[in-house]
Every structure is written in C-alpha cells, then in structure tokens.
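Participant: show me the folded form of this:
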Amino acid sequence: MKASNRALARRPPDNLANVRFILVETQTPGNVGSTARAMKTMGLSDLVLVNPTPFRGVPEARNLAHGALDVLEGARVVTDLQEAVGDLHMLVGTTNRRRIGVLPEMVTAKEAAVEIAAISQDHRVGVLFGREDRGLSTAHLTHCQVVATIPVAEGMPSLNLSHAVQVFAYEVFQASLGALRRRPADLAALSEQEALIQRVNSLLLAIGFKPFKEDPGTFAQTLRRVFGRAGMERRDVRALHKLVATLQRRIELGE
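Facilitator: Below is the predicted model:
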C-alpha cells in the first residue's frame with residue numbers, strides 16, 4: 001500500500017468491502033462524483049445507483065470525484081431497488097424526516113454504523129440514500145431493517161446528498177476500527193426474505209384476508225417490518241417457506 005502523508009490515516013478494515021452505498025434516482029452528476037470521493041476517502045468502494053441521472057463521462061461528476069475515479073467508473077447502475085439490494089443481508093435506510101406507521105424506530109447515523117460494522121464482518125450490508133429533492137419514500141424505507149438519521153441543529157437546512165454520504169461513510173469507517181463484535185448468525189439474503197414475504201402475503205390474500213384500505217402492498221410492508229426486525233436467518237426462511245407450502249397445499253385440497 002502506498003505510504004500516506006495524511007495527519008491521521010488508518011488502513012481500511014476488511015469488513016468495508018461488504019458495505020454498499022446505494023443512491024436512488026440521483027438528480028445531479030456532481031453528487032455522484034462527490035459520493036464516489038466521499039466513499040473512497042473512508043475506504044469504501046461498492047457504489048450502486050438506481051435510475052440515476054447520466055453521469056458517466058460528465059465533467060462535473062469526474063471533477064468532483066477527484067482521486068476516486070475508480071469508484072465512479074466502477075459504479076453499477078440498475079433499474080430497480082430489488083436488483084440493488086437482493087444479495088445483501090441487511091439494509092439501512094437514511095432520512096431526515098420523521099416517519100410514522102410501519103417503519104422501525106429511527107436511530108442516529110453513529111448507532112446505525114455500529115450495527116453495520118458488526119454485521120459486515122460476515123455479511124453484506126447496504127446503506128440507502130434517496131434523491132436530492134425528497135429523499136427516500138416510505139415505501140423504499142419499508143425494505144430497510146434499520147432507519148437512520150443524522151442529528152442536526154433545529155431549524156437548519158438538511159444536508160446535501162453527498163454530505164450525508166460523507167457523514168455515514170465516516171461513521172461506518174470509525175465504527176469498523178478496532179475490535180468488533182460479530183454476528184454469528186447465517187443471515188438470509190434480502191432477496192430470500194422478500195420472496196418469503198410475498199409468499200405469505202399471497203397466502204393471506206388467498207384465504208380472504210383484507211389488508212388496510214384493500215391494498216395488498218400495505219400488509220407486505222408490515223411483514224417486512226416484522227421479519228426485518230428479527231434479522232432472519234436462512235434456516236428461519238426455509239422453515240417458514242415449508243410452513244407456507246403446507247398451508248397452500250391444504251387450501252388447494254380444500255381441507
């Protein structure tokens with residue numbers, strides 16, 4: 001590794017390779033470039049963008065990604081959230097607004113970073129950021145097992161997207177230094193959890209369950225909160241799939 005002349009520099013902990021930053025519908029190429037630089041400064045490199053504004057080859061993005069063109073050019077672009085998070089085991093959503101209803105209790109960026117550092121020792125974790133003008137929707141946040149925010153002075157404006165990325169990147173880096181507790185569980189990937197949630201939701205609808213406002217997606221959001229809070233292991237998902245399959249067979253046989 002190249003010697004550093006920084007006043008205080010630390011070798012990036014290995015677990016940071018398991019941490020992914022995900023931007024949803026980013027509106028300005030400059031924020032993509034600034035995000036790449038913010039991430040690389042803290043030893044992070046896995047960047048995924050969901051339906052972003054064009055940024056590849058854009059001078060604004062490249063200029064603001066100074067020193068981090070490898071992260072910028074290596075960023076993966078996808079068309080939907082599931083493609084961005086399906087292989088992850090935990091997803092942290094970020095917001096600067098209070099939310100009510102089906103979301104987990106909000107924590108600070110520092111508190112979320114401690115959990116990210118622990119889980120990423122053996123599993124893949126994502127940190128999700130919304131678009132500049134309105135952030136993440138409640139629907140986006142229902143896919144997250146943790147919802148986190150950056151404490152700010154009362155009455156002051158919210159942080160720019162890339163500034164928020166920098167704060168979270170810093171907190172994750174700091175939380176990853178030194179001895180860390182490990183999560184020994186074999187956590188299920190989010191794609192496995194989502195498949196189970198959709199299967200349970202379909203089963204309930206098939207037996208006449210009436211979701212809130214007749215909206216099937218509403219109960220799916222509640223199931224995500226219930227299952228996500230538990231931090232489901234793969235064996236949990238397999239057991240519940242077996243239970244649902246048995247119930248489906250009973251229904252089909254009219255028993």
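
Participant: distance of the closest residue to Val78 other than its chain neighbours from Asn160?
Facilitator: Leaving out its chain neighbours, the residue that sits closest to Val78 by CB to CB, 6 or more residues apart in numbering is Ala84, at 5.0 Å. Using the backbone N, CA and C atoms, a C-beta is placed for each residue, glycine as well. Using CB to CB, to the nearest Å, we find Ala84 at a distance of 22 Å from Asn160.

Participant: these two: who's more crowded?
Facilitator: Comparing Ala84 with Asn160 by other CB atoms under 10 Å, the one with more neighbours is Ala84, at 25 against 14.

Participant: so which helix or strand takes in the more buried one?
Facilitator: Following DSSP states H and E, one finds Ala84 within helix 81-85.

Participant: and Glu83, how close does it get to Ser191?
Facilitator: Distance from Glu83 to Ser191, counting by CB to CB: 10 Å.

Participant: again, but for Met39
Facilitator: Distance, Met39 to Ser191, by CB to CB: 24 Å.

Participant: okay, those two: which has more neighbours?
Facilitator: Taking other CB under 10 Å, Met39 and Ser191 do not tie; Met39 has more neighbours (30 against 14).

Participant: now the more buried one: which helix or strand?
Facilitator: Counting by DSSP H and E, Met39 is found in helix 29-41.

Participant: right, and the helix or strand after that helix?
Facilitator: Later in the chain than helix 29-41, the nearest helix or strand by DSSP H and E is strand 46-50.

Participant: okay, angle between that following strand and helix 29-41 too, please.
Facilitator: On the basis of axes from the mean of the first three to the mean of the last three CA atoms, to 10 degrees, strand 46-50 is oriented at 160 degrees to helix 29-41.

Participant: after strand 46-50, heading C-terminal, what element do we hit next?
Facilitator: Per DSSP H and E, the first helix or strand lying C-terminal to strand 46-50 is helix 59-64.

Participant: average pLDDT for the helix or strand just after that following helix?
Facilitator: Sequence-wise, the next helix or strand downstream of helix 59-64 (DSSP H and E) is helix 69-74. For helix 69-74, mean pLDDT is 97.

Participant: could you pull out the helices for the stretch 101-250 of the chain?
Facilitator: Along the stretch 101-250 of the chain, counting by DSSP state H, counting those that start in this stretch, helices occupy 109-119, 138-141, 161-176, 190-206, 216-230, 234-253.

Participant: output the lowest mean pLDDT helix or strand found in this structure.
Facilitator: helix 216-230 (a mean of 66; mean pLDDT, DSSP states H and E).

Participant: isn't there a strand covering Val92?
Facilitator: Yes - Val92: assigned to a strand according to DSSP: H, G, I helix; E, B strand; the rest coil.

Participant: which residues does it contact?
Facilitator: Going by CB atoms under 8 Å, 6 or more residues apart in numbering, Val92 touches Ala112, Glu115, Ile116, Val125, Gly126, Val127, Leu128, Cys144, Gln145, Val146, Val147, Ala148.

Participant: same list (those) but as a markdown table, adding distance to Arg20, pLDDT and neighbour count.
Facilitator: Shown next, in a markdown table, are the contacts of Val92 (distance: CB to CB, whole Å; pLDDT from 0 to 100; neighbours: other CB atoms under 10 Å):
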| residue | distance to Arg20 | pLDDT | neighbour count |
| --- | --- | --- | --- |
| Ala112 | 14 | 96 | 25 |
| Glu115 | 15 | 92 | 20 |
| Ile116 | 10 | 95 | 26 |
| Val125 | 7 | 96 | 25 |
| Gly126 | 4 | 97 | 26 |
| Val127 | 7 | 98 | 29 |
| Leu128 | 9 | 98 | 28 |
| Cys144 | 13 | 90 | 25 |
| Gln145 | 14 | 89 | 25 |
| Val146 | 14 | 92 | 24 |
| Val147 | 17 | 93 | 21 |
| Ala148 | 15 | 95 | 24 |
